[in-house]
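Trainee: Sequence and computational prediction follow.
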Amino acid sequence: MKNIYSSVRLCIGLCACLLVAPLVVAEPDNSTTLNEFDAYLDKTAAQLGDSPFAAVVSHNGEIIYERYYDGQGVLERSVDRRSTWQVFSITKSFVSALVLSLCQDEVIGLDDPVGKYLPAFRGRGVTIRHLLSHTSGAAFAGSKTPESLPPSFAHIDIVTEPGSEFRYSNLGMLILERTLEAATGQDLAVLLQERILDPLGLTSTGYVYAGSASDRVLPLTKGQFHYPLNGTRAGAGLYTTARDLNAFGRFWLNPEPIFSRELREEAWTFHGMRESDLGRYGLMWWLFEADGGYVMSGREFKINAVIPETGAVITVIRYPQARPAKEYRFKEDKRAMVLFGKRFR
């Protein structure tokens, strides 16, 4: 027998702050977890400057919780299930799925040298796997930091042995975008649409360019939008709804027929560690293997956690309106989502 768990807040006057889906269904033994998760959302929203957010939880393919909070109207647009959010580096996990689909169809291989597709990289030892794991060693000429986007590939140095050192790299994403386009002869956005978004029915997900935003697209803060540019789309730029993002997480639990579980395990296998927070990284995924979960995450504290053991997916998209409080830690926030998901039965 299922009972009804609902999270309801009242909108009062000009300070109306919350719009919540009226119905959340859960098994009785999950109610405590959902109550605690609800309180956790309140706490972290306060730590992030009364941050607007959208949250969706699914369990075994069924949505059991939804909540939408508009941060007392700071974005001047209502936040609901149709709201479209930019998810920044969560884009990487969508592109990871794209790459694995191309590997499944033997269009490319994870260990293909980038030089096979981009002549400027011939003989330089960089593979597609290195790009996906931020271990390519690529940097703008003369720089030990790999963040710059150069005017041409002639300005790129390989400053560490490919595969030897993790460096979170926007430059690597530029190289990846160009590699996939050279390997297929198609634009990255078209590839993603045809191979991932359309087959999964993610009709509210895609790149939104300047001048094409609808009234469902939320600004980061009042009047501020961040649009993708050609060359940066493998690393950031997708917009999506909380429901679509949760559905994308559910897809990874059963990725066939787009790609095999064996290929999925490649994405969920340790490839490098970020020294600043000891974050473990696979192929465009953050790994919490010891806790039983895998996380795609993006700037401004956006999280999509997949927990295979329990079939749970927890999606939280935020737009913070202030610097985080001292007690807030993004890595611990990601781990908390995994631990919540692991409790579902």
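Mentor: That came through fine.

Trainee: Distance of the closest residue to residue 95 other than its chain neighbours relative to residue 246?
Mentor: Distances taken as C-beta to C-beta, 6 or more residues apart in numbering place residue 234 nearest to residue 95, at 4.8 Å, with adjacent residues excluded. For the C-beta atoms, the positions are set from N, CA and C on the backbone; glycine is no exception. The gap separating residue 234 from residue 246 is 22 Å, by C-beta to C-beta, to the nearest Å.

Trainee: between these two, which one's more packed in?
Mentor: residue 234 (30 against 25; other C-beta atoms under 10 Å).

Trainee: and that one, what does it touch?
Mentor: 91-92, 95, 173-174, 176-177, 180, 188 (C-beta atoms under 8 Å, 6 or more residues apart in numbering).

Trainee: tell me the domain boundaries of the chain?
Mentor: Here the domain parsing of the chain from automatic domain parsing is 3-90+187-328, 106-184.

Trainee: Give me the distance between the two termini of the shortest one.
Mentor: Separation of the first and last residues of domain 106-184 by C-alpha to C-alpha, to the nearest Å is 11 Å.

Trainee: Pull the distance from that domain to the chain's centre.
Mentor: 21 Å (C-alpha atoms, centre = their mean, to the nearest Å).

Trainee: next one: the first one
Mentor: In terms of C-alpha atoms, centre = their mean, the centre of domain 3-90+187-328 is found 7 Å from the chain centre.

Trainee: roughly how far apart are residue 261 and residue 74?
Mentor: The gap separating residue 261 from residue 74 is 42 Å, by C-beta to C-beta.

Trainee: between those two, who's got more neighbours?
Mentor: Remark: of residue 261 and residue 74, residue 74 carries more neighbours, 17 against 13, as counted by other C-beta under 10 Å.

Trainee: And for the nearest residue to that one once chain neighbours are set aside, the neighbour number?
Mentor: Counting by C-beta to C-beta, 6+ apart, residue 74 lies nearest to residue 321, which is 5.4 Å off, once chain neighbours are set aside. Residue neighbour count, defined by other C-beta under 10 Å, stands at 18 for residue 321.

Trainee: middle-most residue in this protein, spatially?
Mentor: For the chain, residue 90 is the residue whose C-alpha lies nearest the centre (C-alpha atoms, centre = their mean; 1.8 Å).

Trainee: Contacts only, for that one.
Mentor: Taking C-beta under 8 Å, 6+ apart, one finds 238, 240, 245, 296-298, 302, 304 in contact with residue 90.

Trainee: who does the closest residue to it other than its chain neighbours bridge with?
Mentor: Using C-beta to C-beta, 6+ apart and skipping the chain neighbours, the partner closest in space to residue 90 is residue 298 (4.1 Å). As for beta bridges, residue 298 partners with residue 302 under DSSP bridges.

Trainee: Would you report the backbone torsion angles of the nearest residue to residue 37 once chain neighbours are set aside?
Mentor: Of all residues not flanking residue 37 in the chain, residue 340 sits nearest, at 5.2 Å (C-beta to C-beta, 6+ apart). Torsion angles at residue 340 (phi, psi; degrees, to the nearest 10) stand at phi -60, psi -50.

Trainee: right, and residue 340 touches residue 38 too?
Mentor: No - judged on C-beta atoms under 8 Å, residue 340 makes no contact with residue 38 at a distance of 10.5 Å.

Trainee: Give me the more crowded residue out of those two.
Mentor: Neighbours per residue (other C-beta under 10 Å) separate residue 340 from residue 38, with residue 340 holding more: 20 against 16.

Trainee: how much space is there between the more buried one and residue 152?
Mentor: 46 Å.

Trainee: and residue 313, what pLDDT?
Mentor: Looking at residue 313, its pLDDT reads 98.

Trainee: one step back: any idea whether the residue nearest to residue 95 is helix, strand or coil?
Mentor: coil (DSSP: H, G, I helix; E, B strand; the rest coil).
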